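[1] would you be able to build a 3D model of this:
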Amino acid sequence: MLTTAVEDLATDGQSGMYRCWAAAYFLHEASPIPLGSRDATSPRLALRWLRERTTNVTDQLDTAYAQPGRYWLRDETEHDRALAYLTSGMAYQLTLHDENTRYVLVACPPGAAA
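    I've put the predicted structure just below:
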């Protein structure tokens, strides 16, 4: 289990790196659970990480709750939009959920607030 706080995942990336992180926010819980993080050297690699983590999350969800994530994985127009956000210096966030949990996946360019 990871012990790094979500705030640390969002801010401790190296200069010039795209910081990617995912966390689960459980209903009625005070602290999120980190689901991983990674530094990426380009917007495309950051998007690749988002795709991989989205696949991991949707694989764990019941079919009905997994559908939005599976749709996002096939949505090339949305991927182009995510790349445009990242290359223009804006963070991109994808949020999925089930009955009790929100899953937040973020890619943040250098210098952008998460």
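[2] got the phi/psi numbers for the residue of the chain most remote from its centre?
    Centroid-distance maximum for the chain: H28 at 21.4 Å, with CA atoms, centre = their mean. Note on H28: its backbone torsions stand at phi 70, psi 20 [degrees, to the nearest 10].
[3] those strands in this structure, which residues are they?
    All strands of the chain, identified by DSSP state E, fall at 18-26, 33-40, 92-97, 101-108.
[4] show me what counts as buried in the second one.
    Spelled out, that is strand 33-40. Using 16 or more other CB atoms under 10 Å as the test for burial, strand 33-40 gives 34-40. Where you see a C-beta, it was placed from the backbone N, CA and C, and this is true even at glycine.
[5] with the longest one instead?
    With burial defined by 16+ other CB under 10 Å, the residues of strand 18-26 counted as buried are 18-25.
[6] for this structure, what spans make up the helices?
    Using DSSP state H, the helices found in the chain span residues 6-11, 43-60, 63-74, 76-87.
[7] which strands or helices does the third one pack on?
    Contacts defined by 3 or more CB pairs under 8 Å, 6 or more residues apart in numbering; DSSP states H and E place helix 63-74 against helix 43-60, strand 92-97.
[8] swap in 10 Å and give it another go.
    helix 43-60, helix 76-87, strand 92-97, strand 101-108 (3 or more CB pairs under 10 Å, 6 or more residues apart in numbering; DSSP states H and E).
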